[in-house]
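A.B. asks: here is the input, now give the coordinates:
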Amino acid sequence: MDRRVALKGLGALGLVMVLPLGAQAAPVGTGGLGRGRYARLRVVLEKTVFQFDVLSLDIRVDQATADRLERMVKGREYSSKLERDVVSTVLEAETVYTAAKFLRGFGRDAFVEGVRVDLGRAYKGELIDREEYLRVHRELPRWFAFLGDRGVRKGDWLYNRGDADGLRTVFVNGDGASLMDLTLPGRAPTRTLVACYLAPGGDLREPLVRSLFE
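C.D. replies: Okay, the predicted model is just below:
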């Protein structure tokens, strides 16, 4: 897998025990989230040739969703059908929290392109509709314009919190300073975020779902 392929797995708005190893205090709310192993999907994405980490990612969901996931997968073996069922369930979660720590640096354009690749996969997989696909594809460069020549740096964090009020996205540097704090209203942005992380054919989908079976 080359560097570009690895970047394609970074997800849309561009997810721990309570927090992943080395985490800082989350700048978005964590109330209303479930507890236990079925309330969390997690992965460390690696570049397969040299086996160095690209990012660590955790997704947490509300307790009702966690309970549904437990009933769905507990005591069962991983399968393609169960993978689809898990994805459908997480997409419908009432509350979602994600925290991504970047373990490598790369340019803004590469980041936006990686997001757009997974966005396209989510659309082709019918996880989001065309209107939402076009909206996010169009707005991504504006949302992440703050990265400028700086790009994404090792140690940066990207947090999201989605619920009935909308999706809040906060980008924090390694020193804890907020570089972006954006809130998008409605439920569609949260579904799009999750859909991109769990897009068919993406690098993150299978390892995230498999983490529920470990």
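
A.B. asks: on the strand side of things, show who residue 167 bridges to.
C.D. replies: Beta-bridge pairing for residue 167 (DSSP bridges): residue 162, residue 184.

A.B. asks: thought residue 190 was touching it, still the case?
C.D. replies: Yes - taking Cβ atoms under 8 Å as the definition, residue 167 is a contact partner of residue 190 at 4.7 Å. C-beta coordinates here come from the backbone N, C-alpha and C atoms, glycine included.

A.B. asks: and the residue lying farthest from the centre of the chain, which of the three is it?
C.D. replies: In terms of distance from the mean C-alpha position of the chain, residue 75 ranks first, at 26.1 Å (Cα atoms, centre = their mean). The local conformation at residue 75, judged by DSSP: H, G, I helix; E, B strand; the rest coil, is coil.

A.B. asks: mind checking pLDDT for it?
C.D. replies: Residue 75 carries a pLDDT value of 95.

A.B. asks: measure it to residue 179 for me?
C.D. replies: Distance, residue 75 to residue 179, using Cβ to Cβ, to the nearest Å: 44 Å.

A.B. asks: again, but for residue 147
C.D. replies: 8 Å.

A.B. asks: again, but for residue 108
C.D. replies: With Cβ to Cβ as the criterion, residue 108 and residue 179 are 12 Å apart.

A.B. asks: surely residue 124 meets residue 195?
C.D. replies: No - contact criterion Cβ under 8 Å: residue 124 and residue 195 do not qualify, at 10.9 Å.

A.B. asks: report the longest strand in the chain, please.
C.D. replies: Across the chain, the longest stretch assigned as strand under DSSP state E is strand 52-61.

A.B. asks: may I see the buried residues of that strand?
C.D. replies: Residues of strand 52-61 classed as buried by neighbour count (16 or more other Cβ atoms under 10 Å): 54-61.

A.B. asks: what's the pLDDT at residue 45?
C.D. replies: On pLDDT, residue 45 comes in at 86.

A.B. asks: report the contact partners of it.
C.D. replies: Listed by Cβ atoms under 8 Å, 6 or more residues apart in numbering, the contact set of residue 45 reads 6, 9, 53-57, 203-204, 207.

A.B. asks: repeat for residue 209
C.D. replies: Residue 209 neighbours (Cβ under 8 Å, 6+ apart): 41, 78, 82-83, 86-87, 198.

A.B. asks: and it, how far is that from residue 112?
C.D. replies: Residue 209 is 26 Å from residue 112, by Cβ to Cβ.

A.B. asks: go on, residue 150?
C.D. replies: Noted for residue 150: a distance of 14 Å to residue 112, by Cβ to Cβ.
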